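Student: Next input, structure requested:
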Amino acid sequence: MDRLEEAFNALAAHIELHGKNGPLNGFIEVGIDLGMLMEDLSDGSDIHQVLSMEGKKAGKLTLIYLMVPVAEEDPLEENYWLELSGVGSPSHAKVWHFKDGVLVDREPIRKAA
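Tutor: Predicted coordinates for the structure are as follows:
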């Protein structure tokens, strides 16, 4: 298993365990510890963060986190999208969707390399 696959598995496990704890659950720190670069695309009304890492020879790992604001009476919605591409066939991707800290959708996405 190469560095990108190890990082993919570590981030997926972290989100499975701690994603329900909201945006300050440590996923950014884990990504940075793994060597990923972070870009904050938030615009004041949402939280939108992208972490990425290039492989030494090929491949790329990307984690996108998005939390869009909702009315106070609505549940807080958070989305994680993790993709490992360019390291074989097929690419690996996982998506998690939380509402008020409850996992409502988790699906691995299969796609061609």
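Student: drop to CA atoms for contacts and neighbour counts, all remaining ones
Tutor: Will do.
Student: For the closest residue to residue 14 other than its chain neighbours, which residues are in contact?
Tutor: Computed as C-alpha to C-alpha, 6 or more residues apart in numbering, the closest residue to residue 14 that is not its neighbour in sequence is residue 27, at 6.9 Å. Residues in contact with residue 27 (C-alpha atoms under 8 Å, 6 or more residues apart in numbering) are 11, 14-15.
Student: which ones are touching the spatially most central residue of the chain?
Tutor: With distances taken as C-alpha atoms, centre = their mean, residue 63 lies nearest the centre of the chain, 3.6 Å away. By C-alpha under 8 Å, 6+ apart, the contact set of residue 63 is 50-52, 80-83.
Student: and the contacts of residue 27, which are buried?
Tutor: In those, burial by neighbour count holds for 11, 14-15, counting by 16 or more other C-alpha atoms under 10 Å.
Student: shaky segments in this protein?
Tutor: Where the chain drops to pLDDT under 70, the residues are 1, 89, 106-113.
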